[in-house]
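> sequence plus predicted model, see below.
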Amino acid sequence: MPLKIVQYPDPILKKKSVPVQKVDKDTQKLIEDMFETMYAAPGVGLAAVQVGVLQRVLVIDVGRLEDGKRRPDPLAIINPVIVEREGKIEWEEGCLSLPEMVIPMERSKKIVVAGLDATGQPIKIAGEDLMSVAFQHEIDHLDGLLLVDRLSRLKRELYRKQLEKQGPEEPVEKGVGPVYLG
Ligand code: NI
């Protein structure tokens with residue numbers, strides 16, 4: 001089931017996610033839901049915190065070329081750690097939690113990430129270019145870092161004001177009088 005993607009400036013996005021102690025059915029269900037959410041968005045990566053779960057879980061699908069066609073290449077990783085880096089690359093990054101924002105970011109061009117797969121087995125994945133960028137973006141989320149944190153304070157304020165100005169999508173109806181609940 002696709003889940004709601006948490007939007008900036010929700011404070012949960014600033015929190016550090018904790019390692020998964022035991023990979024179980026709940027972890028697998030979370031991963032399944034995260035894939036559906038990511039594909040529905042659509043995006044090429046998603047961190048668990050973006051669906052409100054503070055666990056170190058991420059999904060990525062940058063696709064792969066096969067016979068000149070781009071095919072799906074779903075990848076889930078639990079407790080990811082970058083164990084090798086090489087080179088630099090700049091990419092214009094957007095984020096599903098930051099509407100209408102694209103920032104050129106410098107990242108490592110190649111990385112190797114170690115972690116666990118969806119069955120709890122240790123895995124190591126090498127990524128280059130977009131795959132490497134996606135890993136670094138999503139791992140930043142697990143550490144509570146957002147693209148917007150890379151902006152100057154002034155630009156960040158402007159962005160926040162711009163989001164506030166857009167206001168709610170629908171007019172809010174007012175109730176007729178005070179109501180006392182609970
Ligand atoms: Ni993001």
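Good, I have the coordinates. Residues are numbered from 1 along each chain as shown.

> which residues are in contact with the longest helix that the chain contains?
Ranked by residue count and defined by DSSP state H, the top helix of the chain is helix 25-40. Residues lying outside helix 25-40 but in contact with it, judged by CB atoms under 8 Å, 6 or more residues apart in numbering, are 1-3, 5, 20, 44-46, 48, 50-51, 53, 55, 57-59, 61, 74, 76, 78, 96, 118. Every residue, glycine included, has its C-beta placed from N, CA and C.

> any idea how far the helix or strand just after it is from the chain center?
Where DSSP states H and E defines the elements, the next helix or strand beyond helix 25-40 is strand 45-47. Relative to its chain's centre, strand 45-47 lies at 3 Å (CA atoms, centre = their mean, to the nearest Å).

> need the next SSE after strand 45-47, C-terminal direction.
strand 57-60.

> ok, and what's touching that next one?
17, 20, 27, 30-31, 34-35, 38, 44-48, 74-78, 80, 131, 134-135, 138-139, 141-142.

> each with direction, which strands does that strand pair with?
Sheet pairing for strand 57-60, assigned by DSSP bridges, gives strand 45-47 (antiparallel), strand 75-95 (antiparallel).

> would TSV of those strands with mean neighbour count and distance to residue 113 be doable?
Output for the strands paired with strand 57-60, formatted as TSV (neighbours: other CB atoms under 10 Å; distance: least, CB to CB, whole Å):
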stretch	mean neighbour count	distance to residue 113
strand 45-47	28	12
strand 75-95	16	5
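
> now the closest residue to residue 80 other than its chain neighbours, what's its secondary structure?
With CB to CB, 6 or more residues apart in numbering as the criterion, residue 80 has its nearest non-adjacent residue at 4.1 Å, and that residue is residue 115. The three-state label given to residue 115 by DSSP: H, G, I helix; E, B strand; the rest coil is strand.

> surely residue 115 and residue 77 touch.
Yes. Residue 115 is in contact with residue 77 according to CB atoms under 8 Å; the separation is 4.4 Å.
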